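Undergrad: Output the structure for:
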Amino acid sequence: MAHVEVGHLTYVLPDGRPLLNDVSFRIGEGVKAALVGPNGAGKTTLMRLIAGDLQPVEGSVASSGGLGVMRQFIGSIRDGSTVHDLLLSVAPPAVRQAAAALDRAELAMMERDDEKTQMRYAQAITDYTDAGGYEIEVLWDTCTIAALGVPYDRVKYRETSTLSGGEQKRLVLEALLRGPDQTLLLDEPDNYLDVPGKIWLEQQLKETPKTVVLVSHDRRLLANSADRIVTVESGNIWIHGGGFGTYAEARRARNERLDELRKRWDEEHAKLKALVNMLKNKARYNDGMAPAYHAAQTRLRRFEEAGPPESAPSDQKINMRLRGGRTGKRAVICESLELTGLMKPFDLEVWYGERVAVLGSNGSGKSHFLRLLAEDQVRHTGVARLGARVVPGHFAQTHARPELHGRTPCEIVMTEHARLKNEAMKILARYELAGLIADQRFETLSGGQQARLQILLLELSGATLLLLDEPTDNLDLASAEALQDGLNAFDGTVLAVTHDRWFADDFDRFLVFGSDGNVYESPEPVWDETRVVRQR
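TA: Purely as a prediction, here's the structure:
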């Protein structure tokens, strides 16, 4: 039996802020449950509590069937680790422990080759075998072939930094879905996946008998794969037993019920207080009214001690004011441009004010193309230049902003953009980053909060060319809609790499990085590019 059960879970952030309060729910065998809610509401924290990465102040977490975990930023590994390290990170604990012991024994053998060291090495091999290490390497061979098209032995020492974020995600998903763990925690599993990859994931989630708890902001994936919706907001959770298709209406109806219950509570509270005051006045002149007065006081005290019903969560109000500015007619000019080893030479002109969606499979060079236009060092031949008065602003797919680590949103806005604290807080409030969030270090923010801060910094930078690499991946629905509104009002040019089918609908042009190395324009979004290649 594979399940997850959370009982009366309470969690307080290190700075003392309560995040989750008395949360309880159960996900039964074979259920596909999606955690949704505003950025920063506690979805990833709840996943980490279930995984055992964090410990609650109160409450308990139980699971069965073995627990496989995909963490939120698996697609941003850039630390010199290898494909072997990546696969080992999602292997069962016994395999990880045995592999670590085997690594230590191999290093010892390199330093000294005495009998004692040989015996320890032999024992480490035996322990790795008993833990299922060599069996799981056979499974990894299947996974690397499926995800990368290469056998495990040929790719195990390849650095993960050479894989795209989507390739990393697909590889980990293959390992978890094919692996022995029967309960899976998947935090943003669709981030960095191209659309064929998302469709593949939707199908796998439908077909797997495993119990799955996932966090995602892709509405189409949620509609196609989740049969329970667990909403995390205002420190608590509530569960919609149907799919995502009926979720919006269920949430609206629930909030209306909560508002009505609170209205009735307030009315009853007001009546009880009025009754107490009336009886108090009468008891001053009539001793016979004293028992009724004291009874009313007791009734009011018990009513207030029980407290009001749960309040309906307030809707998010995010206002992104992306301004831009007038530039030359041609914003981007590419002539015989080729990113080394990624695509064939191509020409491109992007005109001021255009919205260009950059589409294509993972690893085809889209992110490198944006980095080149952002004036990063990217190996290429040919010409890529920006037009007159074009100021690029880059949104990084992996949120890799080491210069922001250790600094708070308030500090960043004040120091980098010469703002007084009051002004900085007003700006942050428009992005729902004010209050206590403004004093959190960048690396402690949720993925969605980091994304909103990046967009805010683009707003303040005066960029006239926005280079957005998967900007909606970590944004909740309200934030994604605010970004769409902000881009519609932006006086400048936008190039955005995206696999978000909904987000792409508002773009003017579609530049496709083909799997055969060709870069071409399409009059409409192309999601299954391999099919187009076969048709040529």
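Undergrad: CA only for contacts and neighbour counts going forward, please
TA: OK.
Undergrad: Break this protein down into its domains, please.
TA: According to automatic domain parsing, the chain comprises the domains 4-92+131-234, 249-306, 330-402+447-535.
Undergrad: mind putting those domains in a markdown table, mean neighbour count and distance to Q440 included?
TA: As requested, those are exported to a markdown table (neighbours: other C-alpha atoms under 10 Å; distance: least, C-alpha to C-alpha, whole Å):
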| stretch | mean neighbour count | distance to Q440 |
| --- | --- | --- |
| domain 4-92+131-234 | 19 | 9 |
| domain 249-306 | 15 | 30 |
| domain 330-402+447-535 | 19 | 11 |
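Undergrad: Would you format those domains as TSV with distance to E111 included?
TA: TSV is the format used below for the domains of the chain (distance: least, C-alpha to C-alpha, whole Å):
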stretch	distance to E111
domain 4-92+131-234	22
domain 249-306	63
domain 330-402+447-535	36
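Undergrad: out of those domains, which comes closest to I412?
TA: Ranking the domains of the chain by proximity to I412 (C-alpha to C-alpha) places domain 330-402+447-535 first, at 8.8 Å.
Undergrad: Show me where the stretch 301-450 of the chain has its helices.
TA: 366-373, 409-416, 421-430, 447-461 (DSSP state H, counting those that start in this stretch).
Undergrad: closest to S24 out of the ones you listed?
TA: Across the helices of the stretch 301-450 of the chain, the minimum distance to S24, taken as C-alpha to C-alpha, is reached by helix 447-461, at 24.3 Å.
Undergrad: residue ranges of the helices in the stretch 101-250 of the chain, please?
TA: 115-130, 133-148, 152-155, 165-178, 195-207, 219-225, 247-285.
Undergrad: Can I get these in CSV including distance to N422?
TA: Below are the helices of the stretch 101-250 of the chain laid out as CSV (distance: least, C-alpha to C-alpha, whole Å):
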stretch, distance to N422
helix 115-130, 59
helix 133-148, 49
helix 152-155, 53
helix 165-178, 38
helix 195-207, 43
helix 219-225, 37
helix 247-285, 33
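Undergrad: Those: which one's closest to A99?
TA: Among those, the nearest to A99 by C-alpha to C-alpha is helix 115-130 (6.2 Å).
Undergrad: What angle do helix 133-148 and the closest one make with each other?
TA: Computed with axes from the mean of the first three to the mean of the last three C-alpha atoms, to 10 degrees, the direction of helix 115-130 lies at 60 degrees from that of helix 133-148.
Undergrad: ok, and what's touching helix 115-130?
TA: Contact with helix 115-130 is made by 95, 98-99, 101-102, 105-106, 108-109, 134-135, as judged by C-alpha atoms under 8 Å, 6 or more residues apart in numbering.
Undergrad: if we go to 6 Å?
TA: Here helix 115-130 makes contact (C-alpha atoms under 6 Å, 6 or more residues apart in numbering) with 98, 102, 105.
Undergrad: Ok, stretch 341-352 next?
TA: Contacts with stretch 341-352, where a contact means C-alpha under 6 Å, 6+ apart, come from 329-338, 364-365, 493, 517-518.
Undergrad: Looking at the residues you listed, which gets the smallest pLDDT?
TA: Among the contacts of stretch 341-352, S364 carries the weakest pLDDT, at 82.
Undergrad: Mind checking which of the contacts of stretch 341-352 land in strands?
TA: Using DSSP state E, 330-338, 493 are the members of the contacts of stretch 341-352 that sit in strands.
Undergrad: Just give me the closest of the residues you listed to A226.
TA: Nearest member of these to A226, counting by C-alpha to C-alpha, is T493, at 36.4 Å.
Undergrad: Verify the contact between that closest one and L465 for me.
TA: Yes: at 4.8 Å, T493 counts as touching L465 under the criterion of C-alpha atoms under 6 Å.
Undergrad: one step back: need the contacts of helix 115-130 in TSV (columns: pLDDT, distance to W502 and neighbour count).
TA: Below are those laid out as TSV (pLDDT from 0 to 100; distance: C-alpha to C-alpha, whole Å; neighbours: other C-alpha atoms under 10 Å):
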residue	pLDDT	distance to W502	neighbour count
A98	93	45	21
L102	90	48	21
A105	88	52	20
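Undergrad: re the thing from before, could you check the helices of the stretch 101-250 of the chain and tell me which one is nearest T472?
TA: Comparing the helices of the stretch 101-250 of the chain under C-alpha to C-alpha, the one sitting nearest is helix 219-225, at 11.6 Å.
Undergrad: how about the ones in strands among the contacts of stretch 341-352 in TSV, adding distance to D259?
TA: Output for these, formatted as TSV (distance: C-alpha to C-alpha, whole Å):
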residue	distance to D259
R330	53
A331	50
V332	51
I333	55
C334	56
E335	60
S336	61
L337	58
E338	58
T493	43
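Undergrad: between those residues, which is closest to I237?
TA: Among those, and counting by C-alpha to C-alpha, the member closest to I237 is T493, at 40.3 Å.
Undergrad: check contacts around the closest one.
TA: By C-alpha under 6 Å, 6+ apart, the contact set of T493 is 352-354, 465.
Undergrad: Recalculate using a threshold of 10 Å.
TA: Listed by C-alpha atoms under 10 Å, 6 or more residues apart in numbering, the contact set of T493 reads 324-327, 330-332, 350-356, 390, 392, 463-467, 487.
Undergrad: cool, and T246?
TA: Per C-alpha under 10 Å, 6+ apart, neighbours of T246: 223, 240.
Undergrad: Next one: it relative to N518, how far apart?
TA: Separation of T246 from N518 (C-alpha to C-alpha, to the nearest Å) stands at 41 Å.
Undergrad: Helix, strand or coil: sort out L300 for me.
TA: helix (DSSP: H, G, I helix; E, B strand; the rest coil).
Undergrad: per-residue confidence for the residue lying closest to it once chain neighbours are set aside?
TA: With sequence-adjacent residues excluded and distances taken as C-alpha to C-alpha, 6 or more residues apart in numbering, L300 is closest to L272, at 6.0 Å. L272 carries a pLDDT value of 94.
Undergrad: hang on, L272 packs against Y293?
TA: No: assessed by C-alpha atoms under 10 Å, L272 is found out of contact with Y293, at 11.0 Å.
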